[in-house]
Structure formats: structure tokens, C-alpha cells
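Asker: Here's a sequence, model it:
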Amino acid sequence: MAGQVERWQPGRLAPHSHLRHQVIYATRGVVHVATPAGQWILPPSRAIWIGGGIPHGLEVKRPAETRVLYIDPDAYDIPGGSACRVLDVPPLVRELILACAEFPADYTADSPQGRMAHVLIDQLQALEQAPADIPMPTDPRALRIVAILQQDPANREPLASLCRHAGASARTLERLFSLETRMSFGAWRYRLRLLTAMEQLAYSASVTQAALEVGYESPSSFIAAFRSMFGKTPARYFGHG
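Answerer: Sure, this is the predicted structure:
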């Protein structure tokens, strides 16, 4: 396992891949990760596991800082390690990631660093996947709807109205979203709104500001939706309550 600290200025890193598995943990700011399977939002308190060989691009919209770990797939037996998933990071795993990212490059497997790396791998495998991905359709008609809602997540037009921008019927678009994202259009839109709001909250927006930004009429309805998806209220999720 090799690690490094990376400090980001706003910008993009073109799609690329690594032979080794990669873990990216955002200690400050928000990192967007795009893979062929979809887009992933990585706020503080979450890490993304990117399996070796998976093409991925990164984007940050404001200054951010990450810890990055590179894991040799031949050195560890990791079931499902070739996948891509976002993990909620508890305090113990956070401290392990921070420590392992500072390791020298020449430690041995039976050294204290090597043993700690094995503990971290065990802990990462035990974590549950977090709902942080936005699977993307590939059909150009569905992508026109995606672009509209990414530009304005507060847009509340029904699909029957939005479909005029896509050159397809609402029924066709529903079928495309279901087939290509494995989510209904309504569920996809719901996730986009909440993950966009999570990014706003990570940048210190108030709950009211975040709720209005993504089209909720009241903070209470937004808090209920946030808790339903992420298991905590915004205040508890970001450690303010």
C-alpha cells in the first residue's frame, strides 16, 4: 500500500486508470468522480474505492484536500475489489486512512506499517456502501434531461413537460432511465437533488439554503428526505448535532 496527500485547486483531471486499486478520501471540500458506470459525489466523511483498471476522471469546484491510497491487488485478497463504491467512513477508519497515507514507500509486510495496512483493508471491506452515485444514462435523449436537471436541480417540471426538450415521449424516457440507470426517473431525480444538496451542505450552506437550492419548499421536508436517504439529519451527518 502506498499513499499520498493531494491538494486540489478547482479544475478537472482527465479520465485515466491505475493497475492498483485506489482509495480516495476527501478531508476537505468535495470531489466529483466520474466512471463509465456513473458519477459519484465524495464529501468529507466518505471515501471512494476504485478498482484497479477502472477509468475515472475527477473534478473539484472549490479547493479540496484528499488522502489517496494505492493498493496492490496481488498483495491482498479483496473480494469485489474490482468494483467502484463509496463508503461511509467512521472515525477509526478515518484515522487509519490518515496514517497509512503518510507511510514511507519501503515498509515491509511484517512491519507496524504493514500490519496497520492489513487492519485498514479489513475495516474497508466491512463498511457498507453509501448512496453517493448518480448512475448515468447513455441515450442522447435521456442525457438532454440530465443536463437540464444538473444545471437546475430545483426544476420541478414533470417528465411529461421536460420530454419536449428530448425529442422523445415521457414513456420512452421512463423506459430509458429504468433500462440504463436501473432507477425510475423519479428515483433518479430524487437522488440527484439530495446529492447536490449534500455538496452545498459540505460547503457550509445552511439547511434552508440547500433545501431551496434543490427545489424543496421547506427545510422540514428536506430534512425528512435527507434522513430517509442517508440515515441521519444533515446536522448529525456533518457532525453539528
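
Asker: quick check: domain ranges of this structure?
Answerer: Listed domain ranges for the chain are 2-126, 140-238 (source: the TED database).

Asker: Any idea how far apart the tips of the first one sit?
Answerer: Taking Cα to Cα, to the nearest Å, the first and last residues of domain 2-126 lie 21 Å apart.

Asker: Which helix runs longest in this protein?
Answerer: Criterion DSSP state H: the longest helix present in the chain is helix 185-202.

Asker: buried ones in it?
Answerer: By 16 or more other Cβ atoms under 10 Å, the buried positions in helix 185-202 come out as 185, 188-202. (Glycine included, C-beta is placed from N, CA and C.)

Asker: before we move on, what about stretch 219-230?
Answerer: For stretch 219-230, by 16+ other Cβ under 10 Å, it's 219, 222-223, 225-226, 230.

Asker: taking those one by one, which sit in helices?
Answerer: 219, 222-223, 225-226, 230.

Asker: quick one: the strands in this structure?
Answerer: 2-8, 11-16, 21-28, 31-35, 38-42, 46-50, 56-60, 64-71, 84-88, 133-135 (DSSP state E).

Asker: Using JSON lines, please lay out those together with mean neighbour count, mean pLDDT and distance to R144.
Answerer: Compiled in JSON lines, the strands of the chain are given as follows (neighbours: other Cβ atoms under 10 Å; pLDDT from 0 to 100; distance: least, Cβ to Cβ, whole Å):
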{"stretch": "strand 2-8", "mean neighbour count": "15", "mean pLDDT": "89", "distance to R144": "30"}
{"stretch": "strand 11-16", "mean neighbour count": "11", "mean pLDDT": "92", "distance to R144": "22"}
{"stretch": "strand 21-28", "mean neighbour count": "21", "mean pLDDT": "92", "distance to R144": "30"}
{"stretch": "strand 31-35", "mean neighbour count": "20", "mean pLDDT": "90", "distance to R144": "18"}
{"stretch": "strand 38-42", "mean neighbour count": "21", "mean pLDDT": "85", "distance to R144": "16"}
{"stretch": "strand 46-50", "mean neighbour count": "23", "mean pLDDT": "90", "distance to R144": "28"}
{"stretch": "strand 56-60", "mean neighbour count": "19", "mean pLDDT": "93", "distance to R144": "21"}
{"stretch": "strand 64-71", "mean neighbour count": "21", "mean pLDDT": "92", "distance to R144": "30"}
{"stretch": "strand 84-88", "mean neighbour count": "20", "mean pLDDT": "85", "distance to R144": "26"}
{"stretch": "strand 133-135", "mean neighbour count": "19", "mean pLDDT": "84", "distance to R144": "16"}
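
Asker: so which of these comes closest to G167?
Answerer: For the strands of the chain, the distance to G167 is smallest for strand 133-135, at 22.0 Å, taking Cβ to Cβ.

Asker: outside of that closest one, which residues touch it?
Answerer: If you take Cβ atoms under 8 Å, 6 or more residues apart in numbering as the criterion, strand 133-135 is touched by 37-41, 86, 180-183, 188, 191-192, 195.
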